[in-house]
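J.: let me see the structure of the following:
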Amino acid sequence: MRALLIATLMIGAAAAAVSSRPSTAQPATAAKAGAAAPSSTAAATALARALSGPPRAKAMLPLAHEARTQLNYVPMVRAGVPLDELTDAQQAQALALLRSGLSESGYASARQIIAHEDILREIEKGQGVANYMRRQPGLYYTAIFGAPSAEGWWAWRFEGHHLSVNVTHAGARGDIVAPLFFGSNPAKVLSGPSAGLRIQAAEEDEARALLGLFSAEQKTRVVIAPETTNDIVTTNKPKAEIAQFDGLPASAMTAPQKAQLRKLLEVYASRFPAAQRASQLARIEKAGVDTLHFAWAGSLDVGKKHYYRIHGPTVLIEYDNSQNDANHIHSMWRDPEFDFGGDLLRKHLAAVTH
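T.: The predicted model follows:
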């Protein structure tokens, strides 16, 4: 296994200070800090040109391939080529593609999620888990669906345990980044060199800050169930569907509550590249911020199983921290209209032979 780049990726998280700050460690061949991220077309084209033989056959798939909408966030064999089957240079190009689909802070978080596999492997090894070796930073897969081009329709995905970045390039419309899944297990490292590390701290802390602003009467509407479902509700379904808008609408919130809701929304929107962030937030504004609903399930106490979601006409954000004694986070941004390209891509595929 060629692990030089992956090992470099992980040094930062393994030795990070006990905070939620992203690791500052960089792959040896990564762009310098502050350098502009490549476009997804440029990054995907560079990776495709660098691949040959079995890695290329695994990575380059038809746009209509069934795996394109098969999101998963558990350790498993996926469509695409894993990092540990790539050369160091090819790994760097796969990570450049990942970087093109995220903001700098989003990319730093994604690197920490990959690095978290080393921490989880040691935890499970110490617990006597038989298959602890499945926790590997090299088991993150890159797949390119179709032929990358600035004007064409194609897609790519970077996915492994607790990370799924799905990007559809919709011709002149550009990139659609959705669904976008980030997870962490443990949510808080309880022992060892990284004790205290929380790589998704803001996702919980800002939600609790919002919860703390609600009156007792409002909480009777916000809290929709006394227990969680032990995962996000939509799980890995190809289409994000929750039948109704539950919880408290923003129209029934005070100005400070709305401001905190926006702050929580920004935690998730900040994962996107600038253009995508602006586009998503503009669509939310157009649909009406007052149409957003905030719902909570489970305990209100820190350290207990809990879940929340922000749901509106153009966005569904879900967060769950239930598994492993409420120390295991799943969080997802889904676009009810444009997940995996949505109807735009379905119409394109129906009209064009690939």
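J.: give me the helices and strands touching the longest helix seen in the chain, please.
T.: Criterion DSSP state H: the longest helix present in the chain is helix 104-127. Judged by 3 or more C-beta pairs under 8 Å, 6 or more residues apart in numbering; DSSP states H and E, helix 104-127 is in contact with helix 4-14, helix 88-100, strand 153-160, strand 163-170, strand 175-184. The way it works is simple: take the backbone N, C-alpha and C, and place the C-beta from them, glycine included.
J.: beyond that helix, next helix or strand please.
T.: Sequence order places strand 141-145 as the next helix or strand after helix 104-127, per DSSP states H and E.
J.: circling back: tell me which of the helices and strands packed on helix 104-127 sits nearest to Gly53.
T.: Nearest of the helices and strands packed on helix 104-127 to Gly53, taken as C-beta to C-beta: helix 88-100 at 11.4 Å.
J.: just the C-alphas of that closest one, formatted as PDB.
T.: What follows is helix 88-100, C-alpha atoms only, in PDB (Å, rounded to 0.1, in the frame of the first residue of the first chain):
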ATOM      1  CA  ASP A  88       1.200   9.300  -4.200                       C
ATOM      2  CA  ALA A  89       0.800  11.700  -7.100                       C
ATOM      3  CA  GLN A  90      -2.600  10.200  -8.000                       C
ATOM      4  CA  GLN A  91      -3.700  10.400  -4.400                       C
ATOM      5  CA  ALA A  92      -2.800  14.100  -4.400                       C
ATOM      6  CA  GLN A  93      -4.900  14.600  -7.600                       C
ATOM      7  CA  ALA A  94      -7.900  12.700  -6.000                       C
ATOM      8  CA  LEU A  95      -7.600  15.000  -3.000                       C
ATOM      9  CA  ALA A  96      -7.400  18.000  -5.300                       C
ATOM     10  CA  LEU A  97     -10.700  16.900  -6.700                       C
ATOM     11  CA  LEU A  98     -12.200  16.600  -3.200                       C
ATOM     12  CA  ARG A  99     -10.900  20.100  -2.400                       C
ATOM     13  CA  SER A 100     -12.600  21.500  -5.500                       C
END
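J.: Ala350: how many residues sit nearby?
T.: 7 (other C-beta atoms under 10 Å).
J.: okay, and it sits in which element?
T.: Per DSSP H and E: Ala350 is located in helix 342-351.
J.: coming back round to it: residues of the longest helix of the chain that come out buried?
T.: Buried positions in helix 104-127, judged by neighbour count with 16 or more other C-beta atoms under 10 Å: 104, 106-124.
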